[in-house]
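# Turn this into a structure:
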Amino acid sequence: MDINSKSRDIKVSVIESELLMRQIMASMMRRASGIVLSGATAYTNEPEAVSDVMRQMPDVLMLAVPSVDSEEMNLFRRIRSVLPELPVVLLTPRSREGAKVAVNGLRQGAVDYITKPDQRNGLVLATQHFRKRVFPVVRAVPRLNYKRIGQIKPNGQFFNPDIHAYNTPAGSGRAYQLNYGLISIHGCLGAIPSLFQLLSKIPSQIPVPIMVVQHMPKIFTEELARQLDDVTYLHVREATNNSALLPGQVYLAPGGYHAVVREEGSRRVISLHRGVKEHQCRPSADMFLRSAVQAYHGKVLGVFLSGGGKDGIDGARDILQAGGRIILENSESSILRDVAEEIKLIGPKLPDKPVDQIPGEILKHLITEQGHDRISVSG
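As a prediction, this is how the structure comes out:
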């Protein structure tokens with residue numbers, strides 16, 4: 001697949017069985033500049049759908065999947081198998097079942113997902129919703145890392161989560177100095193496979209809390225936290241208001257809320273609120289990092305995974321200006337490098353690592369053993 005030429009239109013195929021949703025998508029694509037609609041059909045059966053996609057050879061497939069047990073989910077896995085580098089964007093219900101579809105699909109190589117609007121809200125609102133979400137994803141397609149997409153296996157096992165090998169307390173039984181008080185992980189488009197890989201390799205008794213800000217709506221972050229908790233000995237949960245930030249715990253900013261850190265005596269706690277969106281995001285990485293840098297007096301280690309847009313760039317600057325540290329996922333394992341490239345303009349000598357090396361990079365900078373070299377990821 002080669003759509004590096006900016007002069008070439010982006011070809012989009014849509015498979016959506018709900019007539020109104022399909023008509024809205026098709027109409028939007030036909031009117032958009034720089035986009036060509038290759039086809040818009042209802043799902044019939046897997047062989048016919050696969051044949052249509054292979055005949056059309058789109059640059060991106062928009063595939064509606066109603067549930068994890070649906071024939072459309074089987075089609076998604078089949079497409080991932082026969083066309084592993086084809087970017088697939090899932091159209092999901094905004095429901096608990098839709099959350100399961102989205103998280104499972106992202107783990108299995110979907111580049112993104114878009115929640116389908118409630119048809120009861122009317123045609124105008126449905127169209128506005130799709131415009132806001134669809135076009136930024138489609139226009140990012142020429143910048144995606146197709147090789148990375150192709151490496152993610154349809155069964156979700158992009159990596160072997162050998163969590164037992166990393167279940168060693170960092171610096172256990174030895175005197176050590178903590179250089180940072182918080183690990184803060186941020187990602188957007190393409191970050192989910194890396195997030196699973198990263199957290200599965202963090203030692204179970206990491207001596208600081210970990211915060212994750214991933215752009216997802218309400219319910220979807222709850223499902224993401226549940227599935228992340230299955231691949232690590234760390235305790236992963238969606239943050240709640242007044243959650244105390246404790247060592248060895250992973251907190252996921254809930255969709256639809258901003259998460260900020262405040263000091264309560266010797267404790268740091270998470271506060272949630274539904275303030276104005278930043279960069280059209282809630283939760284916002286920038287808002288969280290501003291508060292974290294202040295609450296931890298600059299001792300924040302920020303990790304930036306795959307993603308686009310602007311959220312997180314100002315937060316990275318806040319970390320660096322306060323004396324904290326940043327680690328970037330490199331182009332080898334990122335699906336989209338937009339945010340990382342912007343952050344590199346702030347700090348051009350920042351560590352730039354494939355995701356499988358980021359756990360070791362975190363521990364290298366997080367902990368200094370007194371009288372010893374810094375420890376390795378395997379403890």
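
# When you work out contacts or count neighbours from here on, use the C-alpha atoms and nothing else.
Noted.

# Could I have the CA atoms of the top helix by length along the chain written out in PDB?
Secondary structure assigned by DSSP state H gives helix 123-140 as the longest helix of the chain. Provided in PDB are the C-alpha atoms of helix 123-140 (Å, rounded to 0.1, in the frame of the first residue of the first chain):
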ATOM      1  CA  LEU A 123     -29.900  13.400  10.900                       C
ATOM      2  CA  VAL A 124     -28.200  16.700  11.500                       C
ATOM      3  CA  LEU A 125     -26.600  15.700  14.800                       C
ATOM      4  CA  ALA A 126     -25.600  12.300  13.400                       C
ATOM      5  CA  THR A 127     -23.900  14.000  10.500                       C
ATOM      6  CA  GLN A 128     -22.100  16.500  12.800                       C
ATOM      7  CA  HIS A 129     -20.900  13.700  15.000                       C
ATOM      8  CA  PHE A 130     -19.400  11.700  12.100                       C
ATOM      9  CA  ARG A 131     -17.800  14.800  10.500                       C
ATOM     10  CA  LYS A 132     -16.000  15.600  13.800                       C
ATOM     11  CA  ARG A 133     -14.600  12.100  14.100                       C
ATOM     12  CA  VAL A 134     -14.300  10.500  10.700                       C
ATOM     13  CA  PHE A 135     -12.400  13.100   8.700                       C
ATOM     14  CA  PRO A 136      -9.400  13.500  11.100                       C
ATOM     15  CA  VAL A 137      -8.900   9.800  11.200                       C
ATOM     16  CA  VAL A 138      -9.200   9.400   7.400                       C
ATOM     17  CA  ARG A 139      -6.900  12.300   6.700                       C
ATOM     18  CA  ALA A 140      -4.300  10.800   9.000                       C
END
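
# Buried residues, it. List them.
By neighbour count, and taking 16 or more other C-alpha atoms under 10 Å as the criterion, the buried residues in helix 123-140 are 126-127, 129-130, 134, 137-138.

# now the residues you listed as TSV including distance to Arg22?
Converted to TSV, the buried residues of helix 123-140 look like this (distance: C-alpha to C-alpha, whole Å):
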residue	distance to Arg22
Ala126	11
Thr127	11
His129	14
Phe130	11
Val134	13
Val137	17
Val138	16
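
# Please enumerate the strands of the stretch 251-379 of the chain.
Per DSSP state E, counting those that start in this stretch, the stretch 251-379 of the chain has strands spanning 258-264, 267-273, 300-304, 325-329, 352-353, 367-369. These are given in chain order.

# Reformat those strands as a markdown table; add distance to Leu289.
Converted to a markdown table, the strands of the stretch 251-379 of the chain look like this (distance: least, C-alpha to C-alpha, whole Å):
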| stretch | distance to Leu289 |
| --- | --- |
| strand 258-264 | 8 |
| strand 267-273 | 12 |
| strand 300-304 | 9 |
| strand 325-329 | 12 |
| strand 352-353 | 20 |
| strand 367-369 | 21 |
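
# need these in JSON lines with mean neighbour count, distance to Ile313 and mean pLDDT, can you?
Formatted as JSON lines, the strands of the stretch 251-379 of the chain follow (neighbours: other C-alpha atoms under 10 Å; distance: least, C-alpha to C-alpha, whole Å; pLDDT from 0 to 100):
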{"stretch": "strand 258-264", "mean neighbour count": "21", "distance to Ile313": "17", "mean pLDDT": "95"}
{"stretch": "strand 267-273", "mean neighbour count": "17", "distance to Ile313": "21", "mean pLDDT": "96"}
{"stretch": "strand 300-304", "mean neighbour count": "25", "distance to Ile313": "10", "mean pLDDT": "98"}
{"stretch": "strand 325-329", "mean neighbour count": "24", "distance to Ile313": "11", "mean pLDDT": "97"}
{"stretch": "strand 352-353", "mean neighbour count": "19", "distance to Ile313": "15", "mean pLDDT": "94"}
{"stretch": "strand 367-369", "mean neighbour count": "18", "distance to Ile313": "25", "mean pLDDT": "80"}
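
# closest one to Arg143 among those strands?
Closest approach to Arg143 among the strands of the stretch 251-379 of the chain is made by strand 325-329 (15.6 Å; C-alpha to C-alpha).

# Can you get me the centre-to-centre distance for that closest one and its chain?
With C-alpha atoms, centre = their mean, to the nearest Å as the basis, strand 325-329 stands 15 Å off its chain's centre.

# which other helices and strands contact it?
Of the remaining helices and strands, those touching strand 325-329 by 3 or more C-alpha pairs under 8 Å, 6 or more residues apart in numbering; DSSP states H and E are strand 300-304, helix 313-321, strand 352-353, helix 358-366.

# just checking, what packs against the shortest one?
Yep, that's strand 352-353 we're talking about. Of the remaining helices and strands, those touching strand 352-353 by 3+ C-alpha pairs under 8 Å, 6+ apart are strand 325-329.

# What would the strand it packs on look like as CSV? C-alpha coordinates only.
The C-alpha coordinates for strand 325-329 follow below in CSV (Å, rounded to 0.1, in the frame of the first residue of the first chain):
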residue,chain,number,x,y,z
ARG,A,325,11.7,13.5,32.0
ILE,A,326,10.1,12.3,28.7
ILE,A,327,10.3,9.1,26.8
LEU,A,328,8.8,8.8,23.3
GLU,A,329,7.7,5.7,21.4
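
# what does that strand contact?
Residues from elsewhere that reach strand 325-329, judged by C-alpha atoms under 8 Å, 6 or more residues apart in numbering: 299-306, 316, 319-320, 340, 350-355, 358, 361-362.

# Can you check what angle separates that strand from helix 313-321?
Regarding strand 325-329 and helix 313-321, their directions subtend 140 degrees when assessed with axes from the mean of the first three to the mean of the last three C-alpha atoms, to 10 degrees.
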